[in-house]
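Visitor: sequence first, predicted coordinates after that:
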Amino acid sequence: MTATTITTIAALLATARTRIAPAEARLLLGHLLQRSTAWLEAHRDEPVDEAVDRQMSALVGRRSAGEPMAYLLGVREFYGRDFAVTADVLIPRPETELLVDIVKEKVGVGETAHILDLGTGSGCLAITLALECTNAQITAVDVSAPALAVARRNAQQLDARVCFVESNWFSALPAQAFDLIVANPPYVAAGDPHLSEGDLRFEPQGALTDHADGLAALRHIIAHTPTWLSPQGWLFCEHGYDQAGAVRNLLQAAGFTDIEQHHDLAGIVRCAGARITN
Ligand code: GLN
């Protein structure tokens with residue numbers, strides 16, 4: 001039995017555009033038809049069956065209710081690669097690519113570097129580092145089993161070797177020393193209005209906020225990192241746009257030296273690095 005033809009690509013896109021942005025409409029329909037947006041433009045008069053019409057109006061409804069494009073498409077690009085994402089993981093952010101650049105430079109091409117990624121989520125940092133730094137051995141932890149399932153799937157898909165451990169920060173990690181520890185922890189303060197705006201409303205709250213002053217996870221990581229670092233080993237953490245001073249103070253109080261503060265392309269200090277030299 002053939003499905004009833006009730007509409008065309010052009011008509012579907014026109015209907016969608018009354019509720020969502022045209023570019024988003026093209027991406028959603030392209031996703032449903034497994035076609036590029038260029039293909040859609042070249043086949044505007046092509047018929048679309050009823051099932052696609054129904055699926056498209058469901059996606060348009062969810063998008064117009066604010067659901068992030070990354071969750072509707074099931075994918076987000078990070079550092080040039082596609083990562084599967086579900087509502088169990090934070091959507092990879094462009095500013096987090098800064099951490100990759102910093103770590104790549106620190107690791108260089110010499111001996112094997114043991115790297116730990118704390119709170120890996122989709123695995124975007126750990127997997128990217130595994131693929132970019134061929135001399136690195138990566139361990140990645142997350143407290144969320146569903147998040148780790150997404151990360152494992154991404155590692156497999158992208159052919160990256162990462163050792164994943166379900167762990168609340170360091171708690172379940174077997175004793176070992178790391179040359180580099182990286183983290184993009186939850187650093188949004190409880191009650192921050194951003195949590196109830198845009199994409200953040202749909203993301204796992206535990207990946208965004210510490211349910212406290214925004215520094216609780218950073219404080220924990222900075223306090224415990226020294227016992228997990230090899231001599232001269234580095235810690236690099238992403239932090240909030242207004243946390244540079246507080247993170248510097250935490251690093252100093254924990255005995256770190258050589259503190260580095262890196263800003264993103266918007267000029268905002270986004271990432272702190274430091275090591276223990278004595
Ligand atoms: N950068 C994210 C945001 O402000 C927060 C990510 C995080 O808490 N690690 O949307």
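Guide: Ah, there it is.
Visitor: so which residues on this protein come close to the ligand?
Guide: For the chain, the contact set with the ligand under C-beta under 6 Å from any ligand atom comprises Arg93, Asn184, Pro185, Pro186, Tyr187, Val188, Leu200, Leu208. To be clear about C-beta, it is placed using only N, CA and C from the backbone, and glycine gets the same treatment.
Visitor: which stretches in this structure count as helices?
Guide: 9-16, 22-33, 37-42, 50-64, 69-73, 97-107, 124-132, 145-158, 205-208, 216-224, 244-253 (DSSP state H).
Visitor: contacts for the shortest one, please.
Guide: If I follow you right, that is helix 205-208. Helix 205-208 is contacted by residues Val89, Leu90, Gly119, Gly121, Val143, Ser144, Ala147, Pro186, Val188, Leu195, Leu200, His211 when judged by C-beta atoms under 8 Å, 6 or more residues apart in numbering.
Visitor: quick one on the thing from earlier: can I get the residues of the chain next to the ligand in TSV with pLDDT and distance to Ile127?
Guide: Listed next are those as TSV, based on pLDDT from 0 to 100; distance: C-beta to C-beta, whole Å:
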residue	pLDDT	distance to Ile127
Arg93	95	15
Asn184	98	13
Pro185	98	18
Pro186	98	20
Tyr187	98	22
Val188	98	24
Leu200	97	23
Leu208	98	21
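Visitor: most surrounded residue in these?
Guide: Greatest neighbour count in the residues of the chain next to the ligand, by other C-beta atoms under 10 Å, goes to Asn184: 26 neighbours.
Visitor: low-confidence stretches in the stretch 1-150 of the chain?
Guide: When residues are selected by pLDDT under 70, those of the stretch 1-150 of the chain lie in 1-5.
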